[in-house]
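Engineer: sequence below, structure please.
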Amino acid sequence: MTERARTAPAGPAKQRRGQHTVDRLLRAAFEVYRDAGPQGFTLPAVIEASGVSVGSLYHHFGSFDGLAATLFIRCKDDLLAALTDAVRPATSAKGAVTALVSGYLRWSAAHRTEALIIHASPYAGYLRAHTERVDAGRAPRVAELLEFFGPRLAAEGLRPLPPAQAEMLIMGPVTFAVTRWLAGTEGFDLEEAARTLPDRIWLSLGTVPAGP
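Structural biologist: Prediction:
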């Protein structure tokens, strides 16, 4: 085989096989997380569930942490896509906040494993080495949401807050509620939270007083 042949780009068939292996590993990782939880989410468990070699996993993801980070990114993208779809029909800032909060809670109720991956992963440590990739994965969705919210918030005279503070006021109670629900807190009803939190979060944002 010539050097040119050895260094030629992979053909479509090889690319399809590679993508099939990636999807197979991610599907197995998700199933292991779903069935065994964070504590059972290990390299041997995923290898056994997928039937893929350790070498192949490292070839496609660099490490087990790389696989875990990719799984987190995919789940986060699914959530952000759902939130974008939820707020898009809103015609007011309050409607958008309500849609965002209730959409997050209801998505979590319908996607418990994905919600667990999203909320448990930041404490697992493996995301630190993949911060840039995680940020790059969420940036387009977050930018779309901010672009949607900005004009509506300004039009309704919402109290001017730095984006990080506004995010804490809106998303802080939501993520805390989902965390409590995932932990199985007795008496905590996620559907009830979806009904009551939007109005309370909206009130917490406040509005700029009207001028004289």
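
Engineer: residue nearest the centroid of the protein?
Structural biologist: Lys76 (1.6 Å; Cα atoms, centre = their mean).

Engineer: show me the shaky parts of the protein.
Structural biologist: Per-residue confidence of the chain (counting by pLDDT under 70) places the weak regions at 1-11, 122-130, 134, 136-139, 148-161, 163, 206-212.

Engineer: need the longest helix for it.
Structural biologist: helix 12-40 (DSSP state H).

Engineer: after that one comes which helix or strand?
Structural biologist: Past helix 12-40, further along toward the C-terminus, the next helix or strand under DSSP states H and E is helix 43-50.

Engineer: tell me the angle that next one makes with helix 12-40.
Structural biologist: 130 degrees (axes from the mean of the first three to the mean of the last three Cα atoms, to 10 degrees).

Engineer: mind listing what's buried in helix 43-50?
Structural biologist: Within helix 43-50, the residues scored as buried using 16 or more other Cβ atoms under 10 Å are Leu43, Ala45, Val46, Ile47, Ala49, Ser50. From N, CA and C alone the C-beta is placed, and that goes for glycine too.

Engineer: residues contacting the first one?
Structural biologist: This means Leu43. Each residue near Leu43 by Cβ atoms under 8 Å, 6 or more residues apart in numbering is listed here: Val54, Leu57, Phe64.

Engineer: where along the protein do the helices fall?
Structural biologist: Using DSSP H, the helices found in the chain span residues 3-6, 12-40, 43-50, 54-61, 64-87, 93-110, 112-120, 131-155, 163-182, 190-205.

Engineer: quick check on the contacts of Leu43: which are buried?
Structural biologist: A residue is treated as buried here by neighbour count (16+ other Cβ under 10 Å); on that basis the buried members of the contacts of Leu43 are Leu57, Phe64.

Engineer: nearest to Glu186, of the contacts of Leu43?
Structural biologist: Phe64 (34.4 Å; Cβ to Cβ).

Engineer: what's the closest non-adjacent residue to the closest one?
Structural biologist: For Phe64, the nearest residue in space outside its immediate sequence neighbours is Leu43; the separation is 4.5 Å by Cβ to Cβ, 6 or more residues apart in numbering.

Engineer: from memory the residue nearest to the centre of the chain sits against Ile118, does it?
Structural biologist: Yes: with the criterion set as Cβ atoms under 8 Å, Lys76 and Ile118 qualify as a contacting pair; they are 5.8 Å apart.

Engineer: quick one, domains of this structure?
Structural biologist: The chain resolves into domains spanning 11-62, 72-212 when parsed by automatic domain parsing.

Engineer: excluding chain neighbours, what is closest to Ala115?
Structural biologist: In space, not counting the residues next to it along the chain, Ala115 is nearest to Ser108; the distance is 4.0 Å by Cβ to Cβ, 6+ apart.

Engineer: distance of that neighbour from Ile118?
Structural biologist: 8 Å (Cβ to Cβ, to the nearest Å).

Engineer: of those two, which one has the most company?
Structural biologist: The residue with more neighbours, out of Ser108 and Ile118 and counting by other Cβ atoms under 10 Å, is Ser108; that gives 26 against 19.

Engineer: just give me the neighbour total for the nearest residue to Thr113 once chain neighbours are set aside.
Structural biologist: Ranked by Cβ to Cβ, 6+ apart and with sequence neighbours excluded, the top spatial neighbour of Thr113 is Arg34, at 4.2 Å. The number of residues packed around Arg34, counting by other Cβ under 10 Å, is 15.
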